[in-house]
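K.L.:
Below is the sequence, then the predicted model.
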Amino acid sequence: MSQPIIAVDRITKRYAGHTAVDALSLSVPPGVIYGLLGPNGAGKTTTIRMIMNIIVPDSGSVRLFDTTGTGRDHSARIGFLPEERGLYPKMRVLDVLIFLAETKGVERRAARAKATEWLERLGLADWRLRKVSELSKGMQQKVQFISTMLHEPDLVLLDEPFSGLDPVNSQVLRDTVVDWRRRGKTILLSTHIMEHAEKLCDHVTIIARGKKLVDGPLSTVKQQHGGKHVTVVFDDGGGGSAAAGVLADRKLVAKTDDYGQYAELELAAGADHQEILRRLVGAGVRLNKFELVEPTLNKIFIDLVGPEAAHAAAVPQVEGVARA
Amino acid sequence: MRKTFAVIRREFVERVRTRWFWVGTILGPLLMVGLIGVQILLAGRKVGERHIAVVDATTTGFGRALTSQLGAAVTRFHVVRVPTTPVPDSLLADSLLGEVEAKRLDGFLLVGDSTLEFGTAEYRGSNVSSVADMEQLEGTLRRLVFAARLERRGIDTLLVQQAEIRIQLATHKVSGRKLTGESGVQSFMTGFGMAILLFVAILLYGVNVMSSVLEEKTTKIVEVLISSLQPFELMLGKVVGVGAVGIVQLTVWLVSAKLLSGVRTSAGVPGGFQFPQIPTTTLVIFVLYFLLGYFLYAAIYAAVGAMSSTEAEARQAQVPVQLLLMIPYVSFFGILNDPNSSLAVWMTLIPFWSPIATPVRWGASPIPVVELVASLVILLVTVIVVTWLASRIYRVGILMTGKRPNIKELIRWVRAG
């Protein structure tokens, strides 16, 4: 495998009385969409800020593009959309984009051409000479997204990119991100919405309270942490006691979510789903459907961080406060 | 460097585009033109006629002579004599006051034998606040009393008239063994004008830098900027960009002032206020100290902006800075009065005050080269040190939210890696 684009080695950031990120290591391979997942206050934003060297870790190191230099040194190759977004409200849309591209080292004329092109692509061409303050929040967010992508970065860091967007604009952003990956670029995005991550990400890392709980390619994570699941749809209203007898066998089924017509089964370790089917049929249960399914990322997430998230919500969120 | 230039350009262009900039730039020269226009109008206006009664309680005939001679000396004074007894007559005074109230009389002059003996006289009128009227009245009275007293001692009236000469003291500022062609009033005007302009300009553009820092902080765009720019590049770009706007605006003001100072000779505004001549050296000193002063205060204002979270908080935090700048501004009168006093010398040397004090002092009197060089060197070193300190505070402050740091925390920010 090629060298990681981002190699984070045991970074730790402590704030007065609490540890935001605790010895976290990440390895983002090139050409993937990498999901940094976690509940509110898990340390996602702090981690991304440390990757960008906006805040300096108390210990540990960050290596970008398998070479030396901070995020700022490589800023021409990095697009960064922070969680707390803002633009100059009194500036014209086009001017803001040109200026932000210039700070990334893009030449003015090229920046103007690119900005116009992107504004057209995201349906904002008519707004290019308007002031930012005249735009709706969703439009402003798209302008910010353009500013992240304008200089065609090899690595894009998006902190909660979909928050506050309507489904249509959300889709536009998703399409752009997928397109970017197709061109061989790397995207790291943080989110707490698992549906987005599940559809987009090749790789995921789930963190909670600053610690990594799991990471790896999405399929691997699902295999390792989701267990085996079966969906059963009964033909005769709950399958009666015959079905209940089979489902209650803890050697076969670890957990049952019975919805009456429909049940989700989590298989016990080492159990064979064929054995369950045979037993159900043998017991005279009539089935409409018997399907082997993958667990959703959402389920894995809740199983893993459920207790953690509940705890995290109880302490005040100080993630946004940087102290040197 | 190119990134810093992008910041400079943004700060400059966005400011020049505002209505505020154009209003401010044009308003300055308009005010100056207006000031001169008013002077021309005032000078051209006919000075009012005055009706004055001389209440004559003298026993010598001095009152009679005074009445005729006062009318002759000041043609716009129409003087009538009202004879009275040496004992004050309250009825007469009442009726004269009635005349003044009815505006048939501007006022009345009470003279008696004591006028000639002790030089005392009394004037009651509605025009006592007119400096010109009172000066002419007093001057004429003094001359007449003087002549009458000499005559009483037997000195020939003709001889007295010949001996009498009107003194006109012309004040001219001397600079480097040369006459500058500048009067005392004009020196004062130059100093006063420079004090106002420097104070307003440094404060205005300093506060502009502060708001700009604060805007980036409150809109959170600073996080994006800081991911591609060094904090110092950003701060420097801001200070230089806003400063460039200041230079453009000041240039417009100064050039129009310089042009207007030429108007005097051609239009020949008579008497009173004249727009002062502004020598090129004064302009150079002015611009130099404006730039250094601006950089000094802009750095401080950038730090103040960075350590605040809201506009209201920043306004409050900048009060001490404003007071610091106000000290030389309010002392300009003292500096002009005695440009070589220890106050003036200290103000020239203390870097937080010299940006205003030195040009003002220069406007009043040349400054020894040693003092000028010392002042510049101290100021320059301070600018460098303060900018360094400010950039340390700025670097940490722009990413902070929450309460404003205290001194201890500020020191920690400055020291932080």
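P.N.:
Ah, there it is.
K.L.:
From now on I want contacts and neighbour counts done on CA atoms only, so please keep to that.
P.N.:
Fine.
K.L.:
Direction included, what does the helix or strand where A:Tyr34 lies pair against?
P.N.:
Following DSSP states H and E, one finds A:Tyr34 within strand A:33-37. Sheet pairing of strand A:33-37 (DSSP bridges) gives strand A:186-191 (parallel), strand A:203-208 (parallel).
K.L.:
Following the chain onward from it, which element is next?
P.N.:
Sequence order places helix A:44-51 as the next helix or strand after strand A:33-37, per DSSP H and E.
K.L.:
which helices and strands does that next one pack with?
P.N.:
For helix A:44-51, the packing partners by 3 or more Cα pairs under 8 Å, 6 or more residues apart in numbering or on different chains; DSSP states H and E come out as strand A:18-28, strand A:155-159.
K.L.:
Burial check on the residue in the stretch 101-250 of chain A that chain B sits nearest to, number of neighbours?
P.N.:
Going by Cα to the nearest Cα, chain B is nearest to A:Thr103 of the stretch 101-250 of chain A, at 5.0 Å. By the measure other Cα atoms under 10 Å in any protein chain shown, the count of residues near A:Thr103 is 24.
K.L.:
Got phi/psi on residue 283?
P.N.:
Answering for chain A, as no chain was given. The phi/psi pair for A:Ala283 (degrees, to the nearest 10) reads phi -80, psi 0.
K.L.:
Excluding sequence neighbours, find me the nearest residue to it.
P.N.:
Spatially, and ignoring its direct neighbours in sequence, A:Ala283 is nearest to A:Ala242 (5.8 Å; Cα to Cα, 6 or more residues apart in numbering or on different chains).
K.L.:
Next one, pLDDT for residue 175 please.
P.N.:
I'll assume chain A. If you check A:Asp175, the pLDDT there is 91.
K.L.:
my question was about chain B
P.N.:
pLDDT recorded at B:Ser175 is 61.
K.L.:
Then B:Val319?
P.N.:
pLDDT, B:Val319: 93.
K.L.:
tally of neighbours for it?
P.N.:
For B:Val319, the tally of surrounding residues (other Cα under 10 Å) stands at 11.
K.L.:
For chain A, see how far away it is.
P.N.:
Counting by Cα to the nearest Cα, to the nearest Å, the separation of B:Val319 from chain A is 26 Å.
K.L.:
Look up phi and psi at that residue.
P.N.:
Per-residue torsions, B:Val319: phi -60, psi -50 (degrees, to the nearest 10).
K.L.:
How about residues contacting stretch B:241-253?
P.N.:
With Cα atoms under 8 Å, 6 or more residues apart in numbering or on different chains as the test, stretch B:241-253 has contacts from B:7-12, B:15-16, B:24-25, B:28-29, B:201, B:205, B:208-209, B:291, B:294-295.
K.L.:
In contact with residue 86, which residues?
P.N.:
This is for chain A. Taking Cα under 8 Å, 6+ apart as the test, what A:Gly86 contacts is A:144, B:219-221.
K.L.:
should've been chain B
P.N.:
B:Pro86 sits next to B:57-59, B:112 when contact means Cα under 8 Å, 6+ apart.
K.L.:
For A:Tyr262, state which of these is nearest.
P.N.:
Proximity of the contacts of B:Pro86 to A:Tyr262 (Cα to Cα) peaks at B:Gly112, which lies at 125.5 Å.
K.L.:
and the closest one, what pLDDT?
P.N.:
According to the prediction, B:Gly112 has pLDDT 85.
K.L.:
ok, now B:Tyr205?
P.N.:
So B:Tyr205 comes in at 93 (pLDDT).
K.L.:
wouldn't it be in contact with B:Ala298 here?
P.N.:
Yes - counting by Cα atoms under 8 Å, B:Tyr205 touches B:Ala298, with 7.2 Å between them.
K.L.:
the more surrounded of those two?
P.N.:
Using other Cα under 10 Å, the more surrounded residue of B:Tyr205 and B:Ala298 is B:Ala298, with 32 against 22.
K.L.:
Can the host helix or strand of that one be said to contact chain A?
P.N.:
If you go by DSSP H and E, B:Ala298 is part of helix B:280-307. No - between helix B:280-307 and chain A, judged by Cα under 8 Å from any Cα of the partner chain, nothing touches; the nearest distance is 12.3 Å.
K.L.:
If you count neighbours, what's buried in that helix?
P.N.:
Across helix B:280-307, burial judged by 16 or more other Cα atoms under 10 Å in any protein chain shown covers B:282-283, B:285-287, B:289-307.
K.L.:
Summarise which helices and strands that helix is packed against.
P.N.:
Under the contact definition 3+ Cα pairs under 8 Å, 6+ apart, helix B:280-307 sits against helix B:184-218, helix B:231-263, helix B:311-317, helix B:319-330, helix B:354-364, helix B:369-397.
K.L.:
Just want the angle from that helix to helix B:369-397.
P.N.:
For helix B:280-307 against helix B:369-397, the angle by axes from the mean of the first three to the mean of the last three Cα atoms, to 10 degrees is 20 degrees.
K.L.:
relative to helix B:354-364, how tilted is helix B:280-307?
P.N.:
Here the directions of helix B:280-307 and helix B:354-364 differ by 160 degrees (the same axes, to 10 degrees).
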